[in-house]
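Enquirer: Provide a 3D model corresponding to the input given below.
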Amino acid sequence: MINFKHLHYFWMVAKQGSITKASEHLHITPQTISGQISLLEEQLGKDLFNKVGRNLALTDTGHMVLSYADEIFSLGSELEQSVRIASTDRTQLLRVGIADSIPKSIAYRLLAPAMTLDVPIRFVCKENSLESLLGELALHKLDLIIADGPIPPHLGVRGFNHFLGECGTSFMAAPNLVEQGKADFPRSLIGLPFLIPSDQSLIQIQLLQWLEKYHIHPKIMGEFDDRALMKAFGQAGAGVFIVPSAIANEVATQFQVEVIGSTEEIREQFFAIATEQRLSNPAIVAITDAAKGWLKHK
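Expert: Sure thing, here's the model as predicted:
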C-alpha cells in the first residue's frame, strides 16, 4: 500500500513548485522531503520529477500521480469538514445527481418532500449526463440520482432502479402561437415552429415517433439539452415545446404560456437510482413515497 505521508510530501512539492518551498510550508527539512519522495518513487518504480536546471518538473507519471493525489487529499479535506460539521450540526447531507434531461421543476417537486422531515436536510445537487452521474454514484460521491430512465445496461454500473412514476406530455405555446396551435390539435402542429429536447433525453425518440405516426411535420427550430432554456425560447414565441403534463399548470403560470394540447401516448418516466436495493435513508424514502402521490405509478 502507498504510504500516504510520502504521497503528501510529493503533492506539496508539486503544488509549491520546489522542495525548498514545500519544506518551509511543512516545517520539515528539505532532506527529509527529498528522502520521502525517493521512497515513493522506489515503491512506484517510476520517477516523478525531472531536474530542469535548478527546478523540478513533473514527469508523465508525476502528472498522473498528482491527479490522483489531488482527488485523495480533496476527499480527505471534505471528510474532515463533514465530520466537523456533523459534530456540531444535526443537518443531514443528501448528495443528489440530477440528469440534465430532467426538467428543473420536476427535480424540485421530487426533492421537496425531503425538506419537510424533522431532521434538517442540506442538498448538494449536481447536474450532468446520466453516464457521468452514474460514475460518481459508483464512487459513492452521490447518494441518489434522479433520471428519466433506468441504468443503461451497456454501462455495467451496479445500482438499483426505483421507479417513481410517469405522466403524459403537454404541448405549450406563447400567445402568438396559441390560437393556431389549438385550432385542430395535433394536426395544427403541421408547419408550426417547434422546439424539442435533444437526443440526450429519452423523450425525443417518443416525440419524433408520435409525430411520424400522425404524419405531422412541424418546423423544428432547435434542439435543447437544457429544457429550462427550451422553455425560455418557447416563452419568447420561438416555437411550440413540450413539458411533462404533471407540471404543465406551473409552467403555464411561470412562463406565461398555454397548453394547446396533450397526449398520453408520449410518456415521461422518472427513476431514483441508488446503490441500495432496499431504500433506508429517510430523505430518499420521503422522495420516493411522495412521487407516487402526484405521478402515475405502474
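Enquirer: State the helix or strand in which V259 lies.
Expert: Per DSSP states H and E, V259 falls inside strand 258-274.
Enquirer: Listing partners with orientation, what would you give for that strand?
Expert: Paired neighbours of strand 258-274 in the sheet (DSSP bridges): strand 144-147 (antiparallel), strand 160-173 (antiparallel).
Enquirer: Tell me the helix or strand right after that strand.
Expert: helix 282-294.
Enquirer: check contacts around the spatially most central residue of the chain.
Expert: With distances taken as CA atoms, centre = their mean, E127 lies nearest the centre of the chain, 2.8 Å away. When contacts are counted by CB atoms under 8 Å, 6 or more residues apart in numbering, E127 touches G97, I98, A99, D100. For every residue, glycine as well, the C-beta is placed using N, CA and C.
Enquirer: Also V178?
Expert: Per CB under 8 Å, 6+ apart, neighbours of V178: E258, I260.
Enquirer: what about it, distance to F255?
Expert: 13 Å (CB to CB, to the nearest Å).
Enquirer: Select from the contacts of E127 the one having the most neighbours.
Expert: Within these, most neighbours by other CB atoms under 10 Å means G97, with 27 neighbours.
Enquirer: wait, is that residue part of a strand?
Expert: Yes. According to DSSP: H, G, I helix; E, B strand; the rest coil, G97 belongs to a strand.
Enquirer: does it really touch K126, like I thought?
Expert: Yes. Using CB atoms under 8 Å, G97 is in contact with K126, at 5.1 Å.
Enquirer: Mind listing the shared neighbours of those two?
Expert: With CB under 8 Å, 6+ apart as the test, G97 and K126 both reach L133, E136, L142.
Enquirer: On the three-state scheme, Q254 is what?
Expert: Quick answer, by three-state DSSP: Q254 is helix.
Enquirer: and it, what does it touch?
Expert: S105 are the contacts of Q254 under CB under 8 Å, 6+ apart.
Enquirer: And the pLDDT at it?
Expert: As predicted, Q254 sits at a pLDDT of 93.
Enquirer: next one: H6
Expert: pLDDT, H6: 93.
Enquirer: for the helix or strand harbouring it, packing partners?
Expert: Using DSSP H and E, H6 maps to helix 4-16. Packing partners of helix 4-16 (3 or more CB pairs under 8 Å, 6 or more residues apart in numbering; DSSP states H and E): helix 19-26, helix 30-44, helix 60-88.
Enquirer: Show me the domain layout of the chain.
Expert: 4-86, 92-165+270-293, 167-267 (the TED database).
Enquirer: What is the end-to-end distance of the longest one?
Expert: When you say that, I think you mean domain 167-267. 6 Å (CA to CA, to the nearest Å).
Enquirer: sorry, back to before: of the helices and strands packed on helix 4-16, which is nearest M1?
Expert: helix 30-44 (9.4 Å; CB to CB).
Enquirer: That closest one to helix 4-16, inter-axis angle?
Expert: 110 degrees (axes from the mean of the first three to the mean of the last three CA atoms, to 10 degrees).
Enquirer: any idea how far helix 30-44 is from the chain center?
Expert: Distance of helix 30-44 from the chain centroid (CA atoms, centre = their mean, to the nearest Å) equals 39 Å.
Enquirer: And stretch 174-191, by the same measure?
Expert: 34 Å.
Enquirer: Buried residues, that stretch. List them.
Expert: By 16 or more other CB atoms under 10 Å, the buried positions in stretch 174-191 come out as A174, L177, V178, G181, P186, S188, L189.
Enquirer: unless I'm mixing things up, the last one is touching I242, no?
Expert: No. Because the distance of 10.7 Å does not satisfy CB under 8 Å, L189 is recorded as not touching I242.
Enquirer: shared neighbours of the two, anything?
Expert: Shared contacts of L189 and I242, counting by CB under 8 Å, 6+ apart, come down to F171.
Enquirer: Looks like L177 contacts G237 (just checking).
Expert: Yes. The pair L177 / G237 is scored as a contact, 6.5 Å apart, by CB under 8 Å.
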